[in-house]
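1. Quick check, what structure comes out for this input:
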Amino acid sequence: MSHKVVVTGLGATSPLGGDVATTWENALKGVSGIIKLEDSWVEEHDLPVSIAGRLAVDPLESGRLSKVEAKRHDPSGQYALVAAREAWEDAGFSAENAEDAEELDPERIGVAFGTGIGGVWTLLDAWDTLRDKGPRRVMPMTVPMLMPNSNAAAVSMTFKARAAAQTVVSACASSTESLSLGLAMIRSGKADVVIAGGSEAAIHPMPLAAFAKMQALSRRNDDPAAASRPYDTDRDGFVMGEGAAVLVLESEEHAKARGARIYAELAGTGVSADSYHITAPDPSALGATRALKEALEDGQVDPTSVVHVNAHATSTPAGDVPESNALHAAFGEHTKKIAVSATKSMTGHLLGGAGALEAVLTVKAVADRKAPCTINLENQDPEIDLDVVTEARDLPEGEIAAVSNSFGFGGHNAVAVFRSV
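-> Numbering: from 1, shown residues only. Below is the predicted model of the structure:
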């Protein structure tokens, strides 16, 4: 059996669009998905930050979610289902779930899903209900909706995926780690297909207030589109985003047997820990460097074949420089030949969903031979010696590879490497 794992389906709902095609088109154009929040709770709580990357399309308007499902899932679960259904359809399966698809065995279909926070809207709404109206008014579905594994469970039940339904909660590295889980599940022979991704719906007054108190968020409230500024000398913090993204991973043998369209190979992944600080990255970037090198080694990828990186690049003063240092440590002189995109400049930071969305963009970059934009870079930080893509750029022909980086609070580092097919 082939040990190669390939990507056969993509799905997304993001601040740039309600599907992959629109999200990708706007990422190439350099469109900002960051807006001014008009919610009454911004003024009610006197929040110091009033901007975020809201979904471009309401889940119910996507046509992939029913009203009944919307009531039974936290927003993060709603987003997960929308993205997963698009990815499943995009992979070309003949039925809505594995149980009914002739080419699939439900016991050989797995789910690996990430989230950073989970059902925060459900949790905090339930607390408000308990406090104001008493325990009898708390919804019986509260716990199933707030638990972090609810997204993996919902996707598993929707597609009758029975090999496993695993959840990763590793802050902003969560959904890139889910790709590592999915890769291992297929390589081990446990599954033929894995629905892997991540989702986050944390644009809520409490997380916004908490991140703002940490001085982690940009306060460019008067200019939302220019607020997320990775690598710029005037960057002042990240911008919250929301959404979900999914990749259908499949063994090459299984994909070819059913005549599936293949976007790219998920060649390898690397996961490490800084063991340094609960929020700050290790300035030496040793953990990030180790994850990069491990991903390249895992996929037997020649570092000189890497032509593109979708960077974690959150736009924080403390975070962008160590990642640049890690890239130089992993790639040496070849770093100068790598086109680096910082797409959070357009989408904001989807926390646990960020890695999956950026992986989708990386797969599209490899498949379409295009590197997406980095916007708002007016004065590049001299400590960041990278070739940053400020206008969509063609990537070389021939065999190429591209990297997607994710780093999270707690010192979590995760890297995925995709290779052309």
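2. CA atoms for contacts and neighbours, from now on please.
-> Will do.
3. All the strands of the stretch 301-421 of the chain, residue numbers only.
-> Applying DSSP state E, counting those that start in this stretch to the stretch 301-421 of the chain gives strands spanning 306-310, 339-341, 370-371, 387-388, 393-394, 401-408, 412-419.
4. so what strands line up beside the fifth one?
-> Strand pairing for strand 393-394, using DSSP bridges, gives strand 370-371 (antiparallel).
5. how distant is the strand it pairs with from the center of its chain?
-> Mean-position distance between strand 370-371 and its chain equals 18 Å (Cα atoms, centre = their mean, to the nearest Å).
6. now stretch 337-350, how far from the chain's geometric center?
-> The answer for stretch 337-350 is 12 Å, by Cα atoms, centre = their mean.
7. And it, what's buried?
-> Neighbour-count burial for stretch 337-350, counted by 16 or more other Cα atoms under 10 Å, picks out 338-350.
8. Stretch 354-372 now?
-> 354-367, 369-372.
9. ok, back up a step: can you add mean pLDDT and give the strands of the stretch 301-421 of the chain back as a markdown table?
-> What follows is the strands of the stretch 301-421 of the chain, written out as a markdown table (pLDDT from 0 to 100):
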| stretch | mean pLDDT |
| --- | --- |
| strand 306-310 | 98 |
| strand 339-341 | 98 |
| strand 370-371 | 98 |
| strand 387-388 | 98 |
| strand 393-394 | 98 |
| strand 401-408 | 98 |
| strand 412-419 | 98 |
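10. Dump the ones you listed to TSV, plus distance to residue 177.
-> Output for the strands of the stretch 301-421 of the chain, formatted as TSV (distance: least, Cα to Cα, whole Å):
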stretch	distance to residue 177
strand 306-310	16
strand 339-341	20
strand 370-371	23
strand 387-388	25
strand 393-394	28
strand 401-408	9
strand 412-419	6
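11. For the stretch 101-250 of the chain, give me the ranges with low pLDDT.
-> In the prediction, the stretch 101-250 of the chain carries no residues with pLDDT under 70.
12. Which stretches in it count as strands?
-> For the stretch 101-250 of the chain, the strands defined by DSSP E, counting those that start in this stretch cover 109-114, 164-168, 193-200, 243-251.
13. Tell me which of those sits most buried.
-> When those are scored by mean count of other Cα atoms under 10 Å, the highest mean neighbour count falls to strand 193-200 (a mean of 34).
14. Mind giving me the packing neighbours of that one?
-> Counting by 3 or more Cα pairs under 8 Å, 6 or more residues apart in numbering; DSSP states H and E, the packing neighbours recorded for strand 193-200 are helix 75-90, strand 109-114, helix 174-187, strand 243-251, helix 354-368.
15. Could you verify my assumption that residue 373 touches residue 389?
-> Yes - Residue 373 lies in contact with residue 389 (Cα atoms under 8 Å); the separation is 5.6 Å.
16. Need the residues touching each of the two.
-> Common contact partners of residue 373 and residue 389 (Cα atoms under 8 Å, 6 or more residues apart in numbering): residue 341.
17. ok, these two, which is more surrounded?
-> Remark: of residue 373 and residue 389, residue 373 carries more neighbours, 25 against 20, as counted by other Cα atoms under 10 Å.
18. need the contact list for that one.
-> Contacts for residue 373 (Cα under 8 Å, 6+ apart) come out as 27, 28, 29, 30, 341, 342, 343, 389, 390, 391, 392.
19. The fifth one contacts residue 309, correct?
-> Right, the one you point to is residue 341. Yes - between residue 341 and residue 309 a contact is recorded at 6.3 Å, counting by Cα under 8 Å.
20. if we can go back for a sec, turn the strands of the stretch 101-250 of the chain into TSV, including distance to residue 77.
-> Putting the strands of the stretch 101-250 of the chain into TSV (distance: least, Cα to Cα, whole Å) gives the following:
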stretch	distance to residue 77
strand 109-114	11
strand 164-168	13
strand 193-200	7
strand 243-251	9
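21. closest one to residue 47 among these?
-> Across the strands of the stretch 101-250 of the chain, residue 47 has its closest neighbour in strand 193-200 (20.5 Å, Cα to Cα).
22. and the angle for that closest one with strand 164-168?
-> 30 degrees (axes from the mean of the first three to the mean of the last three Cα atoms, to 10 degrees).
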